[in-house]
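Student: output the structure for:
(chains A and B)
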Number of protein chains: 2
Amino acid sequence: MNMYATVTPALVEELVKILGSHNVLYDKDRMEAYSHDETSIEHYAHMPEVVVTPLNTEQVALIMKLASRERIPVTPRGAGSGLSGGAIPVFGGIVLSLEKMNKVLEIDEKNLTVTAEAGVITNELNEQVKAHGLVFAGYPMSLETCFLGGNIAENAGGGKAVKYGVTGRYVLALEVVTPHGDVVRLGGKVTKDVSGYDLKQLYIGSEGTLGIITKAIIKLIGLPVVKADLLVSFKTAQEAIDVVPVIMTKGIIPTSMEFMDRLSIEMSCVYLNETLPIEGVGAMLLIELDGTDEGQVERDMIAIGDICNEHGAMEVYIAEDRNTQERIWAVRRNIAEALKVYSPVQSLEDIVVPMGSIADVLPELSRLSEKYDITIPCYGHAGDGNLHATLVKNPESNIEHWNIIEPEILRELYAFIVRELGGKISGEHGIGLKRKRYLKELIPAEEYELYRIVKEALDPQMIMNPGKILG
Amino acid sequence: MNMYATVTPALVEELVKILGSHNVLYDKDRMEAYSHDETSIEHYAHMPEVVVTPLNTEQVALIMKLASRERIPVTPRGAGSGLSGGAIPVFGGIVLSLEKMNKVLEIDEKNLTVTAEAGVITNELNEQVKAHGLVFAGYPMSLETCFLGGNIAENAGGGKAVKYGVTGRYVLALEVVTPHGDVVRLGGKVTKDVSGYDLKQLYIGSEGTLGIITKAIIKLIGLPVVKADLLVSFKTAQEAIDVVPVIMTKGIIPTSMEFMDRLSIEMSCVYLNETLPIEGVGAMLLIELDGTDEGQVERDMIAIGDICNEHGAMEVYIAEDRNTQERIWAVRRNIAEALKVYSPVQSLEDIVVPMGSIADVLPELSRLSEKYDITIPCYGHAGDGNLHATLVKNPESNIEHWNIIEPEILRELYAFIVRELGGKISGEHGIGLKRKRYLKELIPAEEYELYRIVKEALDPQMIMNPGKILG
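Tutor: Numbers count the residues shown, from 1 in each chain, chains lettered A, B, ... in the order given. Below you'll find the predicted structure:
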C-alpha cells in the first residue's frame, strides 16, 4: 500500500522548469548519495525518486506546492551528517537538498546576529563571524561538515553545551516553508518575544517533519578570550563518571565536560595516529573552561582540578597552549569515526539522563555488554548527562544474530534510561527513522497523541518527511 | 450568538461533587475579584459564571472533562497579576484558579531542580530554594505576588533577563491538563532532549489557551555571591538610551540594564516617599552585575562606568551595600504602581525591539505624545530592548476622548515598532485580550493561520481560555 503518488517523468519536467536541469537529479548513480545519512546500518537506506537542489526560498515553496498538489513525499536534507536516519527518503519521492542555499546573508554587529541560509556549513558560518570577534556557540561536534539548517532541524548540541546550551537557544528567527508551500517568517532580532505562539520552537528539533527551514537569524556572542583544557585520567570509567555530578553542583559552569572511556580513546588514537598516556587508565574527562577573565578561568580550573584529585584522579593534565588543546580535542572529536572503522556494524546511541543519575548508566552498559556478548564503548557530553554509548557488534558473531539482538539491547537500554533514570532516548541526534518505534513504546499514549495531532494539523497530507519521529 | 453552553445549577452541583463546596464560588461578590487582572482599563473586565479552586491535578482534569462534555469555556488563572487581560473570562464560564495548588514539592540538590505546583508564589519558591544556595533566575519583577504557573503561561521575563534569560529557559518539565482532561507530562530533569516534538515550549507562553499548566520542574542555578549596582544619570533620556547598545556590544553581559525616564523616577519616589538625586536628570540607567568572582564583577563594573562617562553620563553612582541596592531597586520595581496612582487611566505597554534600534524608540514616543497630547513615561528592560512605555491619559481630557485615541496611538506605535524597527508588540506581558486585534493586523496572514491551526488542533472545542491571543 502506498498512500503517495510516484514521481512521473511529467513531474520531473515540471521540476526542471522550476529549477533548471542542473538542480534536478534523477539518475540512480548520482542519487545514491542521497539514500542514506551517517546512520551506520545499511538497511535504513532508501533511494529517492528524484533529488532537487533549489537555489532560493521561492523555489523551495514552488517544489512544496507541486508536491502538495500531487501528494508526493518530500524529505529535506542538510549535509547528510545526521545519525538517526532523519534525511533518508523512506517513501521515495523527492529529496530536497539545501546544499546550494549556502550563503551567509548578513552579519549584524549592532544586534550581534548572523542571518544565513540553511545550507551553510556551520564551521564556515563561524569562520565568517569570527572575523568580527563573534561566535555561534550552539554548534555540534560535526561542525566541519554539518549544515546550519540541520543543526536547527535536530536542535543539535555540541561539546560546549554545558555552558552555552544547544542550537535552539541561539535561533532568533526562522524562515520556514510549510508543506503547502507557504513561506512563514517567525521570530525576529529580539531577545524576548511573547507575541503569539512560539512556533519557532516547534520547528526547532522537528526533524523536517513539519516544514523546511530555509533561513535563520542566529544570536552571536563575543568570542571568549581565555580558554583552558583539563585532561583528567582515572583508573576506572566509574570513578571518572562519578566525579561529574560533583563538579556540576559546585557552582562552577565549565564550557565542556566530556567523558571518554579507554576503548574510545584507544580507537581514536589509532585512527589519528596520535598518542595519549593511557597506561592503567580506565577513562578520561576532558574539561574545558573559557571566559573573558583570565583570573576567573584559572581559579575555576584549579577548583575543578582539586575536586578531581580529591575523587581519585590519576593525573590532572592542564593543556594551555592551543596546539595541545587542539590535539586532545581531535581525539575526542574523532571517536565516532574511529569506532566506525573499528566496527562498521554498530549502533551509536545518544541517551541523556538527569545529572544525579549519570553514575548509574555505566553498570547497565556493563550488564548489557555481558548479557549480549558485545562491546559498548562509551563517551560523550557527560556535563549534560548525554552519553554516546555505542553498541558494537562482536566481530565473531554473524550479522543475522546482530540484527536480532540490536533491537533487544536498545529496548532494554532505553527502558532503563527512561523508566529507571527519568532520562530520554536522544539528547541531540534525534528520533528520525531509527528510534521512532522505541519512542512510541516508551512515551505515554497521551503525549504521543499530541505529537500526532500537531503533525496532522501542520502537515495534513503527511508529505513532509514522512516516516520520521512518528508512524 | 454564544457558541458555549452556560453554567447551570446542575453543573455547579457536579463541580461541588468533584471539589467540595469550599472550592466552588458562585456568588457575585466573591467572584468579582476573578473578573479582571492588573490591566488597568475596566472595560476589559468580565464576570465568570463560576470560580473553582482545585486542590490537585486530578481535580483539574475532572473539571476539564466536564467543561469539554458541556462545552463550557474555562479560563485558567494564576495570581491575576497579568497585564494583558489573559485571565479575564470574556465568555463567562468557569474561572479555574490555581491558588490552592501552591506547594513546592521537591528541591533536588543532585539535579539542581525544584518541582512545584503552578500556584506557588514565585518569591516563595525562591525563598525556599535560597536556603539551598540556589535560585530560579527567570522570574519577573512581580515575583512577590505572581504565580509560577502564570510566569510559565506568559513566558514572563524580569529584571535579570539580560544575563539569565526569561522563564522559559528554566522550565525543564511541565505537567499540563489538556482541554479534553488528559494529563500530559512533558520534558524531564534533563538539560538536552530531542526525543519528539518540543511541545513543552509550545505551552510556555501560550497564555492558557492550549491547556492548563499544573506543575513544573524548574532548573536552578547557584546564587551569585557577588553583586554590584550602578545608577547612572544622564541629562536626557536619549543620551541614556543611546549608551545601552554600546554597552551591550562590548562583550560584558550585565545582569540587568534598566532604563527609567525622569517622570517614572519622580512618580515612583513620590509613591515610596523616597528621594533620588534627579536635579537636571533626564533619565537613569540601573545596571546590575553579579557573579561568583569579585574581581571580574569589579572589572566589568569599572568598564561599564567608563563607557557611561565617555558617553555623557552626569554621574555614575556605585551602590555596593545591599540596603542601598534594595532602595534603588524598589524605585524601579514600583514605577508601574506609582504611574497607576498618578493616572489610573493608562495603557502599560511592553514593546521590544532589536538592540540596535532601541535609540529610535524615544523620538517616536515623543512624536505620539505631542500628536495626541498625552504623557508617555517610559522605563523598562533596556538591555533586552524591552521598554514599558506607558500611555497616560491627560487629566484634562475626558474618558470618551481617551477611548477613541488609545487604540489609534497603540496602532501607530505598534506599526512603528513592528514594521519600522523589526520589533514585537509584547516582550513579556503577552497578547491576551488587550493586544489580540493588533497582533492580527500586524503579523502576516500565513503566520496567523498557523496559530489558528495549532489552537484548533489542540483545543478543537475552543473552550480553553477563549478570546485570548486569537479570535
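Student: state the pLDDT value of A:Tyr342.
Tutor: pLDDT recorded at A:Tyr342 is 88.
Student: show me what contacts the residue nearest to it when sequence neighbours are not counted?
Tutor: Nearest non-adjacent residue to A:Tyr342, counting by CB to CB, 6 or more residues apart in numbering or on different chains: A:Met267, 5.1 Å away. The C-beta positions use only the backbone N, C-alpha and C, and glycine is treated the same way. By CB atoms under 8 Å, 6 or more residues apart in numbering or on different chains, the contact list for A:Met267 reads A:Ile335, A:Ala338, A:Leu339, A:Val341, A:Tyr342, A:Pro377.
Student: any idea which element the fourth one lies in?
Tutor: With the criterion set as DSSP states H and E, the secondary-structure element containing A:Val341 is helix A:335-342.
Student: and that helix, how far from the chain's centre?
Tutor: 17 Å (CA atoms, centre = their mean, to the nearest Å).
Student: how about it: buried residues?
Tutor: A:Ile335, A:Ala336, A:Ala338, A:Leu339, A:Lys340, A:Tyr342 (16 or more other CB atoms under 10 Å in any protein chain shown).
Student: how about stretch A:346-353?
Tutor: By 16+ other CB under 10 Å, the buried positions in stretch A:346-353 come out as A:Gln346, A:Ser347, A:Leu348, A:Glu349, A:Asp350, A:Ile351, A:Val352, A:Val353.
Student: need those in TSV (columns: pLDDT, secondary structure and distance to chain B).
Tutor: Output for the buried residues of stretch A:346-353, formatted as TSV (pLDDT from 0 to 100; DSSP: H, G, I helix; E, B strand; the rest coil; distance: CB to the nearest CB, whole Å):
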residue	pLDDT	secondary structure	distance to chain B
A:Gln346	93	strand	20
A:Ser347	95	strand	16
A:Leu348	96	strand	15
A:Glu349	97	coil	12
A:Asp350	97	strand	8
A:Ile351	98	strand	10
A:Val352	98	strand	5
A:Val353	98	coil	7
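Student: make a markdown table out of those and add distance to A:Glu420.
Tutor: Putting those into a markdown table (distance: CB to CB, whole Å) gives the following:
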| residue | distance to A:Glu420 |
| --- | --- |
| A:Gln346 | 24 |
| A:Ser347 | 20 |
| A:Leu348 | 22 |
| A:Glu349 | 16 |
| A:Asp350 | 18 |
| A:Ile351 | 12 |
| A:Val352 | 14 |
| A:Val353 | 9 |
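Student: helix, strand or coil for the residue nearest to A:Met464 when sequence neighbours are not counted?
Tutor: Using CB to CB, 6+ apart and skipping residues adjacent in sequence, the residue nearest A:Met464 is A:Pro179, 4.5 Å away. Classification of A:Pro179 using DSSP: H, G, I helix; E, B strand; the rest coil returns coil.
Student: residue contacts, A:Pro179?
Tutor: A:Met64, A:Ala67, A:Ser68, A:Val74, A:Leu210, A:Gly211, A:Leu458, A:Asp459, A:Pro460, A:Gln461, A:Ile463, A:Met464.
Student: quickly list what the last one is bridged to.
Tutor: Yep, that's A:Met464 we're talking about. Note on A:Met464: beta-bridge partners A:Val74, judged by DSSP bridges.
Student: and the strands in the stretch 201-350 of chain A?
Tutor: Along the stretch 201-350 of chain A, counting by DSSP state E, counting those that start in this stretch, strands occupy A:212-219, A:221-222, A:226-234, A:256-261, A:283-291, A:313-319, A:346-348.
Student: I'd assumed A:Leu470 was in contact with A:Arg452.
Tutor: Yes: applying CB atoms under 8 Å as the test, A:Arg452 and A:Leu470 come out as touching, 6.2 Å apart.
Student: if you count what's nearby, which of the two comes out ahead?
Tutor: Shown here are A:Arg452 and A:Leu470; by other CB atoms under 10 Å in any protein chain shown, A:Leu470 has more neighbours (19 against 15).
Student: the more buried one against A:Glu449, yeah?
Tutor: No: with contacts counted by CB under 8 Å, A:Leu470 stays clear of A:Glu449, the gap being 10.5 Å.
Student: shared neighbours of those two, which are they?
Tutor: Contacts common to A:Leu470 and A:Glu449, judged by CB under 8 Å, 6+ apart, are absent.
Student: roughly how far apart are A:Ile241 and chain B?
Tutor: 14 Å (CB to the nearest CB, to the nearest Å).
Student: actually A:Ala67, sorry about that
Tutor: From A:Ala67 over to chain B (counting by CB to the nearest CB), the distance is 18 Å.
Student: how many neighbours does that residue have?
Tutor: When neighbours are counted by other CB under 10 Å, A:Ala67 comes out with 27.
Student: so what's it up against?
Tutor: With CB under 8 Å, 6+ apart, A:Ala67 has these contacts: A:Pro73, A:Val74, A:Gly93, A:Ile94, A:Pro179, A:Ile463.
Student: of all the residues in the stretch 351-471 of chain A, which ones are close to chain B?
Tutor: Contact residues (CB under 8 Å from any CB of the partner chain) of the stretch 351-471 of chain A with chain B: A:352-356, A:381, A:384-386, A:422-431, A:435, A:439, A:443-444, A:446-447, A:449-451, A:453-458, A:469.
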